[in-house]
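[1] how would this look folded up:
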Amino acid sequence: MHVEQLPARAARFGETASPLSEDVAARLRTRGIEQLWAHQAEAIDLLRDGEDVVVATGTASGKSLCYQVPILESVLSGSRDTALLLFPTKALGRDQLRSIRSWLVSGLRAVAYDGDTPEDDRAWARRHANVVFTNPDMLHVGILPAHERWRDFLARLRWVVVDELHVLRGIFGSHVAHVLRRLRRLCDHYGSSPTFCFSSATIGNPTELASELSGQRVRGVTDNAAPRSARAFGCWQRPFLDETATARVSANRETADLLAEFVAAGFQTLAFTRSRRGAEVVARLARERLQERAPALAECVAAYRAGYLPAERRELEARLTSGALRGIAATTALELGIDVGGLDAVIVNGFPGTLASLWQQAGRAGRGHRRAAATLVAGDDQLDQWYVRHPNELFTRAPEAAVVNTDNPFVLHDQLRCAVHELPLTPDDESFFGPGLDDAVLELVRADELRPRGRRLFWAGGSAPAARVGLRSGGTVEYELFDQDEELVGTVDGGRVFRVAHPGAIYLHQGRQFRVRRLDLQHHVAELEPADECDEYTQARIETEIEVRHLEREHPVGAADLHLGTVDVTNTPIAYQRRRASTRELLGIEPLELPPTRLSTRAVWYTMSRGRLVAGGLEPARLLGTVHAAEHALIGMLPRFAICDRWDVGGVSMAEHPATSTPAVFVYDGYDGGAGIAELAYEAAERHVRETLALVQACPCTDGCPSCVHSPKCGNWNEHLDKAGAVAFLDAAAG
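    Presented below is the predicted three-dimensional model:
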């Protein structure tokens, strides 16, 4: 559909204010680095001066050198300073551990401290390590609650590195923000004040996000001075299966064909897929295609995904780096910076949700001076179809903003419990936890979880709370999902379990398929049985009620009124349908008897007078389908304006809202207390409406499809959708 030629970019070099130590400079020269790029020199200067920094300069721009150099200079100088490095995944943390050890610096005692670290090694790390690689979860549950055993390390802590900043968003980012505040509070207790270095892919607001996460002023280093090879970027649309224009050829098939074409033409290529199963399917189909075109290359294509043994992954990475492996189909396990050398081409199977992720993936090709190619194969989602019809937007628009909500009372209460368990709370702690501290403390005292003594508050809630607080979910209740061998498959937030893991549900986890045999509401456990061969998917039917608790702001958007405020949402599962995955044929509808779930959260909502819509040609009987279709389309396009996923938000639409007697469309944060998404939706409403309207109008289907007004998470099974009505509603709101 479109090919964009991206020119090469020359490097820009810079020098630090004071020269690098001779030891570090010599080690850089052995790696072929004679000069620093300008952004590296800038970041190193700021860190040396004790300034908190965020380096947001995109893929392959040498961000890790920005914090490695000051840490290594400190070690080589004989200082007793320590450093704590946080990575979102264990694999990435251990990859970076290997990187810093490769400097072969005497006195560097760098270790991994995560869930895979043996107990003896943990004890050694606490006593002897000066550089610790871990992740936010382990800091939260394994280090901060045991701070007395880390007192010497924390007292000497000079550097805190937080890598892959762009993934610290929503509820996860909101929790991590408080974990970092707890870390700063303990450092202050032990007499240290570490300097923070954040590292991020390109996002819309790196400086603001880093400042919000740390609770301190952060300086941004965002002018990328690294060289870039020339590359071509293609946007690929899949053909329709038939003249009905409602279903397209399989994205896995198209991706596999492209992978085979690149490999046969002599280009080493990586194809990103959405799931484990997708990686395996794309690799198999590409090998089959190569058997026809270039049989000698068929065995040079493989899959790479989570679930492989570490030795298998290392072998694949080594074959890829050496060039023996010519094509690889991978999940996002290869997205977050693990070094596998330079590639010629990247294929992205479906828009990955954000421009930050897209460029992170595309940047895996062209590391060096070789010309590179990237191809986006558009999926069925609204965002995919928007970008394939507006390809210039991929190359000209600013990246999305990532948001956290440190004022979320549910997150704040959980994190305060952890903080008070670590150290008694004092009035001075408002500098760490903000103005919401007083209200949160009052509620916890009333609940007998905090006990006042003098001017301090002590923990009175029993056992350590950190183990009961998950960083990556919006609620404190998590359901554990076990297979028939009693192996833990995964966990599901209590707010989502009735949608994805109700009795009888087909549950997908990292490419594997299970059926939920039993859901234990008392013990928060689900029992699964394998269903890999089952050609079926399930979808729950949810009755949703929404009540406005507090209206904060409102303003007109075209003929609609837009509102922002706090709402209560009640979801009641009543049934689920079974459909054949290959044909979407309805196999049956089964009843569900499950209790309602309640959510207090943040929302934006659009209201429009019935008279305005009827005057525009919509009969009253069409109003429900109109607002329902508009709701789906708006949610599908929301990730263009905030780094979020459609599963991070919910929606409700009604032909007549009880409070206003007008048609209404609600879009709400899917987490108790909100994650900050509603505020971004409110600020971007005019652009959001216009671009959603353009998407629905441009879709070639007649009555609606997954590319415009259908939703994979619809609680009403995508019934009562009026595409033409949605166009009328959105057109009126667009003014």
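
[2] contacts for stretch 693-702?
    With contact meaning CB atoms under 8 Å, 6 or more residues apart in numbering, stretch 693-702 is reached by 244-246, 382, 385-386, 389-390, 629, 633, 636-637, 705, 707-709, 723, 726-727, 730-731, 733-734. (Each C-beta comes from the backbone N, C-alpha and C, glycine too.)

[3] switch to 7 Å and redo it
    Residues outside stretch 693-702 that contact it (CB atoms under 7 Å, 6 or more residues apart in numbering) are 245-246, 382, 385-386, 389, 633, 637, 705, 707-709, 723, 726-727, 730-731, 734.

[4] Buried subset of those residues, written for PyMOL?
    Buried residues among those (16 or more other CB atoms under 10 Å), as a PyMOL selection:
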select buried, resi 246+382+385+386+389+633+637+705+707+708+709+723+726+727+730+731+734
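
[5] The contacts of stretch 693-702 in helices, which ones?
    Using DSSP state H, the members of the contacts of stretch 693-702 that fall within helices are 382, 385-386, 389, 633, 637, 723, 726-727, 730-731, 734.

[6] which of those lies closest to residue 531?
    The closest of the ones in helices among the contacts of stretch 693-702 to residue 531 turns out to be residue 382 (CB to CB; 29.0 Å).

[7] The closest one - nearest residue in space that isn't next to it in sequence?
    Spatial nearest neighbour of residue 382, chain neighbours left out: residue 636 (3.2 Å); criterion: CB to CB, 6 or more residues apart in numbering.

[8] Contact partners for the one you found?
    Contact analysis of residue 636 by CB under 7 Å, 6+ apart lists 381-383, 646, 711.

[9] From the residues you listed, which one has the minimum pLDDT?
    Within the contacts of residue 636, pLDDT reaches its minimum at residue 646, with 75.

[10] Share the number of residues neighbouring the nearest residue to it once chain neighbours are set aside, please.
    In this structure, residue 646 finds its nearest non-sequential neighbour in residue 635, 5.5 Å apart by CB to CB, 6+ apart. Close neighbours of residue 635, defined as other CB atoms under 10 Å, add up to 24.

[11] same thing with residue 659?
    11.

[12] what does the one 3 residues further on give?
    Burial of residue 662 is recorded as 21 neighbouring residues (other CB under 10 Å).

[13] list the contacts for it?
    Contacts of residue 662 (CB under 7 Å, 6+ apart): 607-610, 656.

[14] Out of those residues, which is nearest to residue 560?
    Nearest member of the contacts of residue 662 to residue 560, counting by CB to CB, is residue 608, at 4.5 Å.

[15] Surely that closest one is in contact with residue 557?
    No. If you go by CB atoms under 7 Å, residue 608 and residue 557 don't touch, sitting 9.5 Å apart.

[16] Tell me where the stretch 401-550 of the chain has helices.
    Using DSSP state H, counting those that start in this stretch, the helices of the stretch 401-550 of the chain run over residues 409-422, 430-433, 437-446, 497-500.

[17] Reformat these as CSV; add mean neighbour count and mean pLDDT.
    Below are the helices of the stretch 401-550 of the chain laid out as CSV (neighbours: other CB atoms under 10 Å; pLDDT from 0 to 100):
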stretch, mean neighbour count, mean pLDDT
helix 409-422, 22, 93
helix 430-433, 17, 92
helix 437-446, 15, 91
helix 497-500, 23, 88
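
[18] right, so of those helices, which gets closest to residue 233?
    Closest to residue 233 of these is helix 497-500 (CB to CB; 34.5 Å).

[19] who are the neighbours in contact with residue 259?
    Applying CB under 7 Å, 6+ apart to residue 259 gives the contacts 269, 271, 282, 286, 327, 329, 347.

[20] For my notes, confirm the last one occurs in a helix.
    No. With DSSP: H, G, I helix; E, B strand; the rest coil as the criterion, residue 347 is assigned strand and is not in a helix.

[21] ok, it - how many residues close by?
    Residue 347, neighbours per other CB under 10 Å, totals 30.

[22] measure it to residue 18 for me?
    45 Å (CB to CB, to the nearest Å).

[23] still on that earlier bit, hmm, which two among the contacts of residue 259 are most spread apart?
    Across the contacts of residue 259, no pair lies farther apart than 269 and 282, at 11.1 Å, counting by CB to CB.

[24] Comparing the two, which shows the higher neighbour count?
    Legend: neighbour count by other CB under 10 Å for residue 269 and residue 282, higher for residue 282 (31 against 25).

[25] Secondary structure element for that one, which one?
    helix 276-293 (DSSP states H and E).

[26] what's the helix or strand that that helix is followed by packed up against?
    For helix 276-293, the following helix or strand on the C-terminal side (DSSP H and E) is strand 301-304. In terms of contacts (3 or more CB pairs under 7 Å, 6 or more residues apart in numbering; DSSP states H and E), strand 301-304 is packed against helix 276-293, helix 310-322, strand 327-330.

[27] Please repeat the previous calculation with a cut-off of 6 Å.
    Here strand 301-304 touches helix 276-293, strand 327-330, going by 3 or more CB pairs under 6 Å, 6 or more residues apart in numbering; DSSP states H and E.

[28] Show me what counts as buried in it.
    Buried residues in strand 301-304, counting neighbours by 16+ other CB under 10 Å, are found at 301-304.

[29] now do stretch 99-112
    By neighbour count on 16+ other CB under 10 Å, the buried set for stretch 99-112 is 100, 103, 105, 108, 110-112.

[30] quick check, distance from it to the centre of its chain.
    In terms of CA atoms, centre = their mean, to the nearest Å, the centre of stretch 99-112 is set 30 Å apart from its chain centre.

[31] do the same with stretch 135-152
    With CA atoms, centre = their mean, you get 24 Å for stretch 135-152.

[32] what's the span of it, first residue to last?
    20 Å (CA to CA, to the nearest Å).

[33] residues in contact with residue 258?
    residue 347 (CB atoms under 6 Å, 6 or more residues apart in numbering).

[34] Quick check: it vs residue 373, distance?
    According to CB to CB, residue 258 and residue 373 sit 10 Å apart.

[35] Can you show me the strands along the stretch 101-250 of the chain?
    Using DSSP state E, counting those that start in this stretch, the strands found in the stretch 101-250 of the chain span residues 110-112, 131-134, 157-162, 195-200, 219-221, 231-236.

[36] Now for the residue lying closest to residue 153 once chain neighbours are set aside, how many residues are close by?
    Closest residue to residue 153 apart from its sequence neighbours, by CB to CB, 6+ apart: residue 82 at 5.1 Å. The number of residues packed near residue 82 is 25, by other CB under 10 Å.

[37] what do you get for residue 58?
    So residue 58, with other CB under 10 Å, has 18 neighbours.

[38] sec struct for it, please.
    With three-state DSSP as the basis, residue 58 sits in coil.

[39] who's in contact with it?
    By CB under 6 Å, 6+ apart, the neighbours of residue 58 are 202, 224.

[40] residue ranges with poor pLDDT in the stretch 301-450 of the chain?
    Along the stretch 301-450 of the chain, the parts satisfying pLDDT under 70 run over 305-310, 313, 333-342, 367-368.

[41] switch to 50 and redo it
    Residue ranges of the stretch 301-450 of the chain with pLDDT under 50: 337.

[42] Looks like residue 67 contacts residue 197 (just checking).
    Yes. Residue 67 lies in contact with residue 197 (CB atoms under 6 Å); the separation is 4.4 Å.

[43] Output stretch 190-208 as CSV, nothing but the C-alphas.
    The C-alpha atoms that make up stretch 190-208 are tabulated as CSV, following Å, rounded to 0.1, in the frame of the first residue of the first chain:
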residue,chain,number,x,y,z
TYR,A,190,20.2,5.2,55.5
GLY,A,191,21.8,8.4,54.5
SER,A,192,22.1,8.1,50.7
SER,A,193,20.5,10.0,47.8
PRO,A,194,21.0,8.1,44.6
THR,A,195,21.0,9.5,41.1
PHE,A,196,18.4,8.0,38.7
CYS,A,197,19.0,7.2,35.1
PHE,A,198,15.9,6.2,33.0
SER,A,199,16.2,4.6,29.6
SER,A,200,13.4,4.6,27.1
ALA,A,201,12.3,4.0,23.6
THR,A,202,11.0,7.1,21.9
ILE,A,203,7.7,8.1,23.5
GLY,A,204,5.7,11.3,23.6
ASN,A,205,6.5,12.4,27.2
PRO,A,206,9.7,10.7,28.5
THR,A,207,10.7,13.6,30.8
GLU,A,208,7.2,14.0,32.3
